[in-house]
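1. output the structure for:
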Amino acid sequence: MTDASQRDLRLVVVSAGVSDPSSSRLLADRITGKSLALLRASGTQASASVVELAPLAVEIARATVSGFPSEQLQSAIERVAAADAIVASTPIYKAGISGLFKSFIDVLDNDLLVAKPVLLAATAGTSRHALVIDEQLRPLFGYMRALVLPTSVFAGPEDWAASELGERIERAATELAVIMEAGVERQIADRAWSAYQHQFAGNASRAARTGGDIDFDSPLMRLATGGTAPRTTE
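-> Reported below is the predicted structural model:
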């Protein structure tokens with residue numbers, strides 16, 4: 001029995017929609033609903049919550065300038081850090097992802113999303129923006145070392161009434177449910193956390209807070225302190 005089957009899994013939606021109702025939030029809600037249904041059908045307890053970025057826009061801007069998140073923003077960051085998986089949904093404007101969405105990712109520590117499953121979703125006013133997910137969102141989360149799912153979900157105006165959107169949502173939600181049940185993030189982080197480069201005293205859930213938290217014997221720390229990394233054998 002996996003660790004994931006013994007506890008409630010937490011799915012967190014990060015939505016950068018600013019309209020009411022927001023198409024980005026509506027798309028994320030459909031993905032989340034399907035993911036939860038699949039998890040519960042297999043006997044896995046799971047819940048979902050939403051981090052709406054629009055009400056945090058001022059706090060995000062201030063944190064970008066000062067480097068210090070407000071209490072409200074810090075609470076949102078901690079929810080993302082504690083998530084077992086994330087549905088990241090953003091509108092696309094002028095062939096680019098939302099500036100609000102990018103600014104939120106910018107205030108996260110680089111190791112906050114290590115090995116965390118992320119399902120990418122985006123909406124736009126024209127299907128010409130469909131490739132922005134692979135051109136901008138996928139590399140962004142790749143840099144954050146997240147575990148980005150193979151299937152992403154894009155919705156333009158003509159997609160909402162099409163059966164193909166529902167089929168794509170089901171495929172993406174299936175990938176998400178399976179990888180959450182497997183507990184991949186915890187397995188990778190438990191086995192290889194010290195092998196990644198980390199920010200001291202950062203806001204990642206496993207961030208080193210004191211000198212005693214740092215593994216000075218890891219290959220990266222040996223190199224950083226002027227030593228040599230152990231040789232590997234073929």
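
2. switch to C-alpha atoms for all contacts and neighbour counts from now on
-> OK.

3. contacts for the strand ranked longest in the chain, please.
-> Criterion DSSP state E: the longest strand present in the chain is strand 85-93. With Cα atoms under 8 Å, 6 or more residues apart in numbering as the test, strand 85-93 has contacts from 10-17, 23-25, 27-28, 31-32, 80, 97-98, 101, 116-124, 129, 132, 176, 180.

4. and it, average pLDDT?
-> Mean pLDDT, strand 85-93: 97.

5. pull the CA atoms of that strand into PDB?
-> Extracted C-alpha coordinates of strand 85-93, given in PDB (Å, rounded to 0.1, in the frame of the first residue of the first chain):
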ATOM      1  CA  ALA A  85      -0.500  18.100  -7.100                       C
ATOM      2  CA  ILE A  86      -1.300  21.400  -8.900                       C
ATOM      3  CA  VAL A  87      -3.700  22.400 -11.700                       C
ATOM      4  CA  ALA A  88      -2.100  25.600 -13.100                       C
ATOM      5  CA  SER A  89      -4.600  27.600 -15.200                       C
ATOM      6  CA  THR A  90      -3.900  30.900 -16.800                       C
ATOM      7  CA  PRO A  91      -5.400  33.200 -19.500                       C
ATOM      8  CA  ILE A  92      -3.300  34.000 -22.500                       C
ATOM      9  CA  TYR A  93      -3.000  37.600 -23.600                       C
END
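
6. what pairs with it, parallel or antiparallel?
-> Applying DSSP bridges, strand 85-93 is found paired with strand 9-15 (parallel), strand 96-97 (antiparallel), strand 117-123 (parallel).

7. so where's the protein uncertain?
-> For the chain, applying pLDDT under 70 flags the ranges 1-6, 191-234.

8. give me that answer again for 80
-> The model of the chain has pLDDT under 80 over residues 1-7, 184-234.

9. break it into its domains for me.
-> 3-190, 193-224 (automatic domain parsing).

10. please compute how far the first one lies from its chain's middle.
-> Read it as domain 3-190. 5 Å (Cα atoms, centre = their mean, to the nearest Å).

11. residues in contact with residue 47?
-> Contacts of residue 47 (Cα under 8 Å, 6+ apart): 8, 9, 10, 11, 36.

12. sorry, back to before: tabulate the strands paired with strand 85-93 (TSV), appending mean neighbour count and distance to residue 60.
-> As requested, those are exported to TSV (neighbours: other Cα atoms under 10 Å; distance: least, Cα to Cα, whole Å):
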stretch	mean neighbour count	distance to residue 60
strand 9-15	24	14
strand 96-97	20	16
strand 117-123	26	20
